[in-house]
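Colleague: this is the structure alone, sequence omitted:
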């Protein structure tokens, strides 16, 4: 982050016609965005684009969700037709929606707004073997890096993460447990709304996947206590073991945004899990991440806490797609707009206290 | 609230292409707005208008704030010139700003966007006598009712409250203590950012005003325990004793919005205090109120809790002007837009679980 730009934003905040500090977290946000852009005031986060990375999960076979796997591809069609919540929210806040097929199981017809970047027809079942090969994980990360690069090249000044993938909260829980060292039952939630029996199975599936993965990770002594150390040292290896193709792509998307000094708004628990990978690969990427919202999934809070990120919106959403990131966009824009447009005490002829 | 419209919204939510309940509080919000409008889907909250009610406070003489009283009028000029945070946020979310002089001390020149509705040159010092006469309070309430009526007649489908008045968190604390029965030191905050000595004085000022007011309220036995009962029975009398002219006008604004079945988004602690008056006068008005945000002022949470309202945004803002209400507007619009635009499982060809 650019310290001079942050200092300029801090000083500017103190001269604007409002009590000092009265915009609370939005002041801190504006200061950080000045640091991100290296200039004060920072550019408005517009135009903005949400990239919805879609992929399937072999762990679906373990019965972690009542939704059929076909829903991933069906929802991709819904996104492209403009009929999903992510589309409605994007229209509300003036963001563009791009859908990236990084690993949907089955062929999707070409369509405007769809980037065909399929690395595999979904991951393998992480309870039985690695979810991805190292090469697949690396390629999926590249898909995300390139998506960020292309959106920035097209003029976007704020990127938002989105995701679609039936069973992807299961992979998210496994990643979050591995990277934060938390227990599976601490970070595994009810996803789209499962019953208690399915939830209990989901916790066991996450535990089984982690137990299996430990035997294949170099330098792992097989104990849960070593998870976070190994994840930090070999993030791509852990990603390949228990992550999803959309997690890999979102991790790359975060890295790409950071490399271009463009803020990236994280959606919910899938983005939080992916950002852990990105931040383990490049700790500086953390400063370019904004937490859009606080998801109802318990693993999300663990992921955000471990990165020191505070969510902007907290409305018990658990939808994904990028919806929580989109809701935060006007708040972010407001924080920046203040630094552009609000008069100073001097210029407005308002007495300072 | 229209039960049939709410039932229709609930049923519609369950057919949309998203896991049931996955939009959390935004689903409940959409359902309530259907009840407010009496139709599902309810109209989008656009165009929206924020009315900033400005007035001065005689209690300023008690040293409850370091800001000079002249800042109220100076900030009105700033609003009219478009240079305040409320203007920047209104531009961000596409809302119109109207400024209503309901009691600024001193003459303000005519200006586009300024409604000259001055009832008095500020209130009297509530520690020495009633802040307003009964007639002044009644007239200020009417100013708010008429402002709501005129904005609705001009086509606005969502009203937002704003306020400006140096020392108005002191009057807010007194109102909130009276209506909720909470102790002055529970509900009196640091306002624009005062020091501990000033805060201690402010608490004593609120206590002194309430003690004095008890002797003038009909049916009051002089104990703090009777405050909430008397406030509920004679809200306008309590308002006149310890309120502000902008509190009175905002109470009227809430009543006017409710009478026209238009949602009204409350800003922070000043609006919360005023809404207590409105809801005591007409309990049904509560259903038309949305809490825009959770202010850093402690009295605000007490006011919202007593009305059973949950704030949409929580970013430690303590600015007023309508800024917290404006930040909530895109969230409200998103909640409504979902009911208009999102495809159903059937129409999108997405498998339900």
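Modeller: Everything's here; your move. All figures in this text were calculated on a predicted structure; none of them were measured in a lab.

Colleague: walk me through the domains of chain A.
Modeller: In the assignment given by automatic domain parsing, the structural domains of chain A cover A:3-42+A:339-348, A:48-332.

Colleague: select, out of those domains, the one closest to residue B:41.
Modeller: With distances scored as CB to CB, the stretch of these nearest to residue B:41 is domain A:48-332 (11.3 Å). For glycine as for every other residue, the C-beta is placed from the backbone atoms N, C-alpha and C.

Colleague: gap between the two ends of that closest one?
Modeller: Using CA to CA, to the nearest Å, the span of domain A:48-332 from its first residue to its last is 11 Å.

Colleague: repeat for stretch A:209-224
Modeller: Counting by CA to CA, the terminal residues of stretch A:209-224 are separated by 12 Å.

Colleague: and if you look at stretch A:83-98?
Modeller: The first and final residues of stretch A:83-98 sit 14 Å from each other (CA to CA).

Colleague: how about the residues of the stretch 1-150 of chain A that lie near chain B?
Modeller: For the stretch 1-150 of chain A, the residues in contact with chain B under the definition CB under 8 Å from any CB of the partner chain are A:16-26, A:65-68, A:70-71, A:74-75, A:77-78, A:81-85, A:87-89, A:91-93.

Colleague: closest to the centroid, which residue in chain A?
Modeller: Note on chain A: the residue nearest the mean C-alpha position is residue A:271, at 2.3 Å, using CA atoms, centre = their mean.

Colleague: hang on, that residue in a strand?
Modeller: No - secondary structure of residue A:271 (DSSP: H, G, I helix; E, B strand; the rest coil): helix, not part of a strand.

Colleague: roughly how far apart are it and chain B?
Modeller: Note on residue A:271: its distance to chain B, by CB to the nearest CB, to the nearest Å, is 16 Å.

Colleague: for that residue, which non-adjacent residue is closest in space?
Modeller: residue A:161 (4.3 Å; CB to CB, 6 or more residues apart in numbering or on different chains).

Colleague: which strands or helices does the helix or strand encompassing the one you found pack on?
Modeller: Here residue A:161 sits within strand A:158-164, counting by DSSP states H and E. Under the contact criterion of 3 or more CB pairs under 8 Å, 6 or more residues apart in numbering or on different chains; DSSP states H and E, strand A:158-164 touches strand A:48-55, helix A:70-81, helix A:134-153, helix A:245-259, strand A:264-266, helix A:269-281, helix A:323-341.

Colleague: direction included, what does it pair up with?
Modeller: Strand pairing for strand A:158-164, using DSSP bridges, gives strand A:48-55 (parallel), strand A:264-266 (parallel).

Colleague: can you list those in a markdown table and add mean pLDDT and mean neighbour count?
Modeller: Compiled in a markdown table, those are given as follows (pLDDT from 0 to 100; neighbours: other CB atoms under 10 Å in any protein chain shown):
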| stretch | mean pLDDT | mean neighbour count |
| --- | --- | --- |
| strand A:48-55 | 98 | 29 |
| strand A:264-266 | 98 | 30 |
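
Colleague: helices along the stretch 101-250 of chain A, start to end?
Modeller: A:134-153, A:168-180, A:184-187, A:196-214, A:227-233, A:235-242, A:245-259 (DSSP state H, counting those that start in this stretch).

Colleague: can you redo the ones you listed as JSON lines with mean pLDDT?
Modeller: Conversion of the helices of the stretch 101-250 of chain A to JSON lines gives the following (pLDDT from 0 to 100):
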{"stretch": "helix A:134-153", "mean pLDDT": "98"}
{"stretch": "helix A:168-180", "mean pLDDT": "98"}
{"stretch": "helix A:184-187", "mean pLDDT": "98"}
{"stretch": "helix A:196-214", "mean pLDDT": "98"}
{"stretch": "helix A:227-233", "mean pLDDT": "95"}
{"stretch": "helix A:235-242", "mean pLDDT": "98"}
{"stretch": "helix A:245-259", "mean pLDDT": "98"}
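
Colleague: adding mean neighbour count and distance to residue A:329, write these out as a markdown table.
Modeller: Compiled in a markdown table, these are given as follows (neighbours: other CB atoms under 10 Å in any protein chain shown; distance: least, CB to CB, whole Å):
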| stretch | mean neighbour count | distance to residue A:329 |
| --- | --- | --- |
| helix A:134-153 | 21 | 14 |
| helix A:168-180 | 30 | 22 |
| helix A:184-187 | 20 | 27 |
| helix A:196-214 | 19 | 31 |
| helix A:227-233 | 19 | 30 |
| helix A:235-242 | 26 | 27 |
| helix A:245-259 | 31 | 14 |
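
Colleague: show me where chain A dips below the pLDDT cut-off.
Modeller: Counting by pLDDT under 70, chain A contains no low-confidence segment.

Colleague: residue A:262 reaches residue A:288, doesn't it?
Modeller: Yes - at 7.2 Å, residue A:262 and residue A:288 qualify as touching, with contact defined as CB atoms under 8 Å.

Colleague: so residue A:22 sits in a strand?
Modeller: No - for residue A:22, which was evaluated using three-state DSSP, the result is coil, with no strand membership.

Colleague: which residues touch the nearest residue to it once chain neighbours are set aside?
Modeller: Leaving aside its chain neighbours, residue A:22 sits nearest to residue B:319 (4.1 Å; criterion: CB to CB, 6+ apart). Counting by CB atoms under 8 Å, 6 or more residues apart in numbering or on different chains, residue B:319 touches A:18-19, A:22-23, B:85, B:268.

Colleague: could I get those residues as JSON lines with distance to residue B:246?
Modeller: Rendered in JSON lines, the data for the contacts of residue B:319 read as follows (distance: CB to CB, whole Å):
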{"residue": "A:18", "distance to residue B:246": "18"}
{"residue": "A:19", "distance to residue B:246": "17"}
{"residue": "A:22", "distance to residue B:246": "18"}
{"residue": "A:23", "distance to residue B:246": "21"}
{"residue": "B:85", "distance to residue B:246": "17"}
{"residue": "B:268", "distance to residue B:246": "13"}
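
Colleague: of those residues - the most surrounded one?
Modeller: Highest neighbour count within these: residue B:268, with 33 neighbours (other CB atoms under 10 Å in any protein chain shown).

Colleague: what sits against that one?
Modeller: Listed by CB under 8 Å, 6+ apart, the contact partners of residue B:268 are B:292-293, B:295, B:297, B:300, B:317-320, B:324.

Colleague: can you do 10 Å?
Modeller: For residue B:268, the contact set (CB atoms under 10 Å, 6 or more residues apart in numbering or on different chains) comprises B:161-163, B:169, B:172, B:291-297, B:299-300, B:303-304, B:311, B:317-325.

Colleague: from the residues you listed, keep the buried residues only.
Modeller: For these, a neighbour count by 16 or more other CB atoms under 10 Å in any protein chain shown gives the buried set as B:161-163, B:169, B:172, B:291-297, B:299-300, B:303-304, B:311, B:317-325.

Colleague: re earlier: could I get the helices and strands packed on strand A:158-164 as TSV with distance to residue A:5?
Modeller: Below are the helices and strands packed on strand A:158-164 laid out as TSV (distance: least, CB to CB, whole Å):
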stretch	distance to residue A:5
strand A:48-55	21
helix A:70-81	36
helix A:134-153	19
helix A:245-259	16
strand A:264-266	18
helix A:269-281	22
helix A:323-341	11
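
Colleague: surely residue A:156 touches residue A:97?
Modeller: No - proximity of residue A:156 to residue A:97 does not meet the contact threshold set by CB atoms under 10 Å, at 11.9 Å.

Colleague: between these two, what contacts are shared?
Modeller: Common contact partners of residue A:156 and residue A:97 (CB under 10 Å, 6+ apart): A:49-51.

Colleague: closest one to residue B:127 out of those, please.
Modeller: For the shared contacts of residue A:156 and residue A:97, the minimum distance to residue B:127 (CB to CB) is 54.0 Å, reached by residue A:50.
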